[in-house]
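In: For reference, the sequence and a predicted model appear below.
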Amino acid sequence: MQIGSCARIAISLVVTLCTVVHAGPKYNRKASTSADPAVVAAEKLWQAAAAEPDQRLASTAWEAASEAFFAIARARKLPQAELADAAFAGLLALKNALNVDPRVRTDPRTSAEDFAKVPTPKPIPPREAKMLEGFVTYLSVDSTSDEAIGVKFLRANILRRWNHFAEATPIYLEILERHRTHEVAEYSANLLLDTYNRQQNYVALVELAERLAADTAFMAAKPDLADTVRKIRITSMRRQAEQLEKRAKEDRDLATYDRCGEAYLAVADQTPGASENDEPLYNALVCFQEGGSVDRARAAAARIEKQHPTSKLRVRALARRGKLEGDVGNYKEAASLLEQYAALFSGEKDAAYALADAMYYRLALGDVVRAEHDLGLLLRTGRPTSTSHANIATDMRMRLVAAHVAQGQRQRAAIIARDINPGRWDRFVEQQTVAGALLLNVSCAVALVDELCPRRRDEVLVGFARRALDPLRATVHADAAKRIVLDLELERVLIGRRATNPDFLADQYRALAKSTDPNVRAAARARLARLALHAKRPAVAVSELDACIAEAQMPWFQICERERAKLEPKPTDRLRERLPKPSAGDAPTATEMLR
């Protein structure tokens, strides 16, 4: 951002004033009645120039008349009033010379490309230099009248036009300070602002804008100048806000983020309700959110919603509000806002992520029905052909399946699971593991018992699970994947659907019992116990379960301990059986009292 971009609104005015010597009708005046020979001769030259039809010759004639009148002023032989009239006639004649000369048609105004660099002074052409000399001559005989102030203004314009800013600036400042009521004072303010801008002297530019804004008497009835000053001040305030935002990002300082939000709000407050205020309000929302000021972020979002209902940033603010409400645990409001955002911004990539977050919040609230609605909205809108969209849809289906399983709605979970694309699981090994385990769970029509299905599984979902687990055989998760595949074979043995050799399965589980993964080792011991029970060898089952209990973590510790308790009484129970039973007169023991 550059302050200069706003100050250039005065350029059209600058061009008009700087080219005043090139445009307009002839500058006429009432002829002097003085009998002085020099004045009479000068008047004749004026009349000859005015009567000359050839423009090229007329220009030369006007120059001669101008020089004649300036010579009278410099001679200082006439009364003060006549000297002033002669100097002014010289100025008008010189303006006419420039006005009719067909060779004077170019304007050395700065091009758009030149605004990026500070202009350097240019040589002043001979005719403009002669005009400057004429201004000096006039001011030597009249320096206080209204006409003199106008001459000073024109002199500053020519100097400024050729980038002689150091000489022009003091003249503009003098007019603003000493001649505030003159008609050229407003033009001087505009041109001085633009001069500072072209010099990239932004400190002086902002200082002058602030000084003008504080001078309410001067600014009254000057709407154009007031608008210029307002835009410069807003741009300056915005630059300060951007610097605070940058510093907050670098330092990760919450207090600086708050100051950044306040600075952006101050920018928006300069023009309440203006269409361009949506951006500073949105920036304030971002700063307050990053700074953890939840209520102030909500207030900024509410202003965007109320004052800029059609702004694109209003839609972005919905997403910001959704994330904010989710961060503070207001899941219902967060989900609602993100759903609104996705509906209004359905064609964007962000819409899919918003719906995924909305579904996450709905599931956290236990609202599976609404979560399923969010999945349907994702499938109907957005960019279904994009890879990211498809990946998000797969993840949302997986979450929804898990939620239905948790609520015991296994049939509905199986229906959703059949629409999952297994080809989307190859992004992360962890996802493949989770997906495979979840699909195996859903493939069973009833709840699993120790992660085994007591009934026949849905073979379609089993096939999906295998597709997810097969790639794991070449990873560190190979033992876990192998154990799951063996469990499928074990289930068939247990329900008598397949005459698999139990000894073969036992050998495979014994190999897994040496795995580096403690969970795999514990699971293998538990499965060996099931095979032993199936072969009616309870002693072997007890031995395997004891080995599982010795090293297992949750949940396998609980599984093995529970199965161990079914096979043989606990040691405390056996000890109690060996103790003599108390007689009727004996006092109850502490243990019996607790019982």
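Out: Sure thing, it's come through.

In: Pro555 versus Ala437, what's the distance?
Out: Applying Cβ to Cβ, to the nearest Å, the value for Ala437 to Pro555 is 13 Å. Just so you know, the C-beta spots here come from the backbone N, C-alpha and C atoms, and that holds for glycine as well.

In: neighbour-wise, which of the two wins?
Out: For Ala437 and Pro555, the more surrounded residue by other Cβ atoms under 10 Å is Ala437, and the numbers stand at 17 against 13.

In: Isn't the more buried one up against Ala481?
Out: No - using Cβ atoms under 8 Å, Ala437 makes no contact with Ala481, being 9.9 Å away.

In: Next one, pLDDT for the residue nearest to Met396 when sequence neighbours are not counted please.
Out: Spatially, and ignoring its direct neighbours in sequence, Met396 is nearest to Leu375 (5.0 Å; Cβ to Cβ, 6 or more residues apart in numbering). pLDDT for Leu375: 89.

In: and Leu375, how many neighbours does it have?
Out: Leu375 has 21 nearby residues by other Cβ under 10 Å.

In: hang on, isn't Gly326 packed against Tyr361?
Out: Yes - contact criterion Cβ under 8 Å: Gly326 and Tyr361 qualify, at 5.9 Å.

In: Those two: which is more packed in?
Out: Tyr361 (26 against 20).

In: Against Asn330, how distant is the more buried one?
Out: According to Cβ to Cβ, Tyr361 stands 9 Å off from Asn330.

In: ok, now Ser145?
Out: 72 Å.

In: neighbour-wise, which of those two wins?
Out: Set side by side, Ser145 and Asn330 give different neighbour counts by other Cβ under 10 Å, the larger being at Asn330 (17 against 11).

In: mind checking the backbone torsions on that one?
Out: Dihedral angles of Asn330 (phi, psi; degrees, to the nearest 10) stand at phi -90, psi 70.

In: Please tell me how far it sits from Ala299.
Out: 15 Å.

In: just Ala50 next, same as before
Out: 70 Å.

In: mind showing which ranges of the stretch 101-250 of the chain have poor pLDDT?
Out: 101-116 (pLDDT under 70).

In: need the helices for it, in chain order.
Out: 126-141, 146-161, 165-178, 184-198, 202-214, 216-219, 223-251 (DSSP state H, counting those that start in this stretch).

In: tell me the most buried of these?
Out: helix 184-198 (a mean of 23; mean count of other Cβ atoms under 10 Å).

In: same for it, what does it pack against?
Out: helix 4-7, helix 11-18, helix 146-161, helix 165-178, helix 202-214, helix 223-251 (3 or more Cβ pairs under 8 Å, 6 or more residues apart in numbering; DSSP states H and E).

In: Would you format those as JSON lines with distance to Val520 included?
Out: Formatted as JSON lines, the helices and strands packed on helix 184-198 follow (distance: least, Cβ to Cβ, whole Å):
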{"stretch": "helix 4-7", "distance to Val520": "66"}
{"stretch": "helix 11-18", "distance to Val520": "77"}
{"stretch": "helix 146-161", "distance to Val520": "84"}
{"stretch": "helix 165-178", "distance to Val520": "81"}
{"stretch": "helix 202-214", "distance to Val520": "68"}
{"stretch": "helix 223-251", "distance to Val520": "46"}
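
In: Those helices: which one's closest to Ala547?
Out: Each of the helices and strands packed on helix 184-198 has some distance to Ala547 by Cβ to Cβ; the shortest is helix 223-251, at 55.9 Å.

In: Next, the angle helix 184-198 makes with that closest one.
Out: Angle, helix 223-251 to helix 184-198, by axes from the mean of the first three to the mean of the last three Cα atoms, to 10 degrees: 30 degrees.

In: What is the subsequent helix or strand relative to helix 223-251?
Out: helix 254-270 (DSSP states H and E).

In: Tell me which other helices or strands the helix or strand following that next one touches.
Out: With elements assigned by DSSP H and E, the helix or strand that comes after helix 254-270 is helix 278-290. The contact analysis (3+ Cβ pairs under 8 Å, 6+ apart) places helix 278-290 against helix 223-251, helix 254-270, helix 294-307, helix 312-327.

In: can I assume Lys77 sits in a strand?
Out: No - under DSSP: H, G, I helix; E, B strand; the rest coil, Lys77 sits outside any strand and is assigned coil.

In: burial measure for it, as a count.
Out: That count, for Lys77 with other Cβ under 10 Å as the rule, works out to 11.

In: Tell me which residues touch it, please.
Out: Neighbour list for Lys77: Asp36, Ala38 [criterion: Cβ atoms under 8 Å, 6 or more residues apart in numbering].

In: Show me what counts as buried in stretch 395-409.
Out: Asp395, Met396, Arg397, Met398, Arg399, Leu400, Val401, Ala402, Ala403, His404, Val405 (16 or more other Cβ atoms under 10 Å).

In: again, but for stretch 440-449
Out: So for stretch 440-449, counting by 16+ other Cβ under 10 Å, buried means Leu440, Asn441, Val442, Ser443, Cys444.

In: One more: stretch 71-87?
Out: In stretch 71-87, counting by 16+ other Cβ under 10 Å, buried: Ile72, Ala73, Arg74, Leu78, Glu82, Leu83, Ala84, Asp85, Ala86, Ala87.

In: is it true that the fourth one touches Pro37?
Out: Spelled out, it's Leu78. No - at 11.4 Å, Leu78 does not count as touching Pro37 under the criterion of Cβ under 8 Å.

In: related to what we said a few turns ago, now distance to Ser66 too, for the helices of the stretch 101-250 of the chain, in JSON lines please.
Out: Compiled in JSON lines, these are given as follows (distance: least, Cβ to Cβ, whole Å):
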{"stretch": "helix 126-141", "distance to Ser66": "7"}
{"stretch": "helix 146-161", "distance to Ser66": "14"}
{"stretch": "helix 165-178", "distance to Ser66": "22"}
{"stretch": "helix 184-198", "distance to Ser66": "22"}
{"stretch": "helix 202-214", "distance to Ser66": "35"}
{"stretch": "helix 216-219", "distance to Ser66": "35"}
{"stretch": "helix 223-251", "distance to Ser66": "34"}
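
In: Out of these, which is closest to Leu265?
Out: Per Cβ to Cβ, nearest to Leu265 of these: helix 223-251, 9.0 Å.

In: What is that closest one packed up against?
Out: Using 3+ Cβ pairs under 8 Å, 6+ apart: helix 223-251 touches helix 4-7, helix 184-198, helix 202-214, helix 216-219, helix 254-270, helix 278-290.

In: For the fourth one, list the C-alpha coordinates in PDB.
Out: Which is helix 216-219. Taking C-alpha atoms only, helix 216-219 is exported to PDB below (Å, rounded to 0.1, in the frame of the first residue of the first chain):
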ATOM      1  CA  THR A 216     -12.700  23.100  10.600                       C
ATOM      2  CA  ALA A 217     -13.200  26.800   9.700                       C
ATOM      3  CA  PHE A 218     -10.900  26.500   6.700                       C
ATOM      4  CA  MET A 219     -12.400  23.200   5.600                       C
END
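
In: Good, we can wrap up now.
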